[in-house]
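A.B. asks: Quick one, structure for this:
(one chain, ligands or ions: 1)
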Amino acid sequence: MFRQAAVLHAALAGKVLTSSDFRVPRHATADLSGRTVEQVIARGKHLLMRVGDLTVHSHLKMEGTWHVYPRDAAGSRPRWRRTAHTARCVLRTQDQEAVGFSLGELNILSTAEEQDKLAHLGPDLLGPDWDPAEATRRLLSAPQRSIGVALLDQSNLAGVGNVFRSEICFLAGILPSRPVAEVTNLARVIELSEKLLTVNRLRIRRCTTANPTSGPPYWVYGRGGKPCMRCGTRLRKSELGEAELRKAAVEDRVIYFCPSCQS
Ligand SMILES: [Zn+2]
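C.D. replies: Modelled structure (predicted):
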């Protein structure tokens, strides 16, 4: 998300929109042309494009993505790398076209609405106001929750997704199902979360192991049944999530761990 925001910011910031096309019923008639894109930032899993006094807010969920395509001088349409019917938003400047595909959420918000929308978010791991003490306090506010679920709850700390929660728990040596109250190295868990997100923030191919170019990119995620790279034990795959997560796609609930390295 952070990387997508950086790519969009580089392409659009400071430029005037020559047209906008919102392909969702609620905003079908919206027209942001003539407005200048001020900045594009990520807050947790939310992407915020500030355009004048409005914000184009999107949430990618599982399938969503933004692409940026250069426009040639003739003004011909760039070839998209995803099918056109999945496009939810097309923003054009003189020389760029940004397209949001399969967005989980797409809203046009006023500044006040933007604040409401994000008020529930915990400290942002990649934000300028990252606050590990506040994240700790929030995690401990529900001590019986499993650490695997608590890490995914964006109101505790914003930014950890499903891949990283498995990796963080592995690297911290704790089972994802362990209640937060029993996690004796919570400071380490938070430090690892910040470190993994920071080193991956601009990478196209995420990686939590030492070598991003060779070997598996993750210690445990996606490796159920395979040997643990530390101890050789067969890694396990299971599902972990509370009621709100049961509605989520299986890929959002699935968790991987080593039954020997983690306790
Ligand atoms: Zn192991």
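A.B. asks: what secondary structure does residue 75 sit in?
C.D. replies: State at residue 75, reduced to three classes by DSSP: H, G, I helix; E, B strand; the rest coil: coil.
A.B. asks: whoops, residue 128 was the one
C.D. replies: Here residue 128 is recorded as coil under three-state DSSP.
A.B. asks: And it, how close does it get to the ion?
C.D. replies: Counting by C-beta to the ion, to the nearest Å, the gap from residue 128 to the ion is 36 Å. (Each C-beta comes from the backbone N, C-alpha and C, glycine too.)
A.B. asks: Now do the phi/psi pair for that residue.
C.D. replies: The phi and psi values for residue 128, taken as degrees, to the nearest 10, are phi -70, psi -20.
A.B. asks: Can you name the residues that contact it?
C.D. replies: By C-beta atoms under 8 Å, 6 or more residues apart in numbering, the contact list for residue 128 is empty.
A.B. asks: just residue 102 next, same as before
C.D. replies: Contacts of residue 102 by C-beta under 8 Å, 6+ apart are 61, 63-65, 82, 86, 88.
A.B. asks: mind redoing it with 7 Å?
C.D. replies: Under the criterion of C-beta atoms under 7 Å, 6 or more residues apart in numbering, the neighbours of residue 102 are 63-64, 86.
A.B. asks: Looking at those, which is nearest residue 214?
C.D. replies: Nearest to residue 214 out of those is residue 63 (C-beta to C-beta; 28.6 Å).
A.B. asks: Give me the secondary structure label for the closest one.
C.D. replies: Under three-state DSSP, residue 63 comes out as coil.
A.B. asks: same question, residue 150
C.D. replies: In three-state terms, and counting by three-state DSSP, residue 150 is helix.
A.B. asks: contacting residues around residue 200?
C.D. replies: 206-207.
A.B. asks: How about residue 116?
C.D. replies: Contacts of residue 116 by C-beta under 7 Å, 6+ apart: none found.
A.B. asks: try 10 Å
C.D. replies: 109-110 (C-beta atoms under 10 Å, 6 or more residues apart in numbering).
A.B. asks: Surely it is in a strand?
C.D. replies: No - Residue 116: not assigned to a strand; according to three-state DSSP it is helix.
A.B. asks: That one and residue 65, how far apart?
C.D. replies: Distance of residue 116 to residue 65, computed by C-beta to C-beta, to the nearest Å: 26 Å.
A.B. asks: hang on, the earlier thing: most neighbours among the contacts of residue 102, which one?
C.D. replies: Sorting the contacts of residue 102 by how many neighbours each has (other C-beta atoms under 10 Å) puts residue 64 first, at 21 neighbours.
A.B. asks: I'd say residue 93 and residue 12 touch.
C.D. replies: Yes - look at residue 93 against residue 12 with C-beta atoms under 10 Å: they come within range, at 6.3 Å.
A.B. asks: list the residues that contact both of those two?
C.D. replies: 36-37.
A.B. asks: The two: which is more packed in?
C.D. replies: residue 12 (23 against 19).
A.B. asks: Might you report the residue contacts of residue 263?
C.D. replies: Counting by C-beta under 10 Å, 6+ apart, residue 263 makes contact with 173-175, 178.
A.B. asks: From these, list the buried ones, please.
C.D. replies: When the contacts of residue 263 are checked for burial by 16 or more other C-beta atoms under 10 Å, the buried set is 174-175, 178.
A.B. asks: just those that are near the ion?
C.D. replies: Residues of these in contact with the ion (C-beta under 5 Å from the ion): none.
A.B. asks: and which of those is nearest to the ion?
C.D. replies: For the buried ones among the contacts of residue 263, the residue nearest the ion by C-beta to the ion is residue 175; the value is 11.8 Å.
A.B. asks: The closest one and residue 148 touch, don't they?
C.D. replies: Yes - between residue 175 and residue 148 there is a contact under C-beta under 10 Å: 8.1 Å.
A.B. asks: need the residues of this structure near the ion, please.
C.D. replies: Residues of the chain lying near the ion (C-beta under 5 Å from the ion): 228, 230-231, 233, 258, 260-261.
A.B. asks: between these, which has the most around it?
C.D. replies: In terms of neighbours by other C-beta under 10 Å, the residues of the chain next to the ion top out with residue 258 at 24 neighbours.
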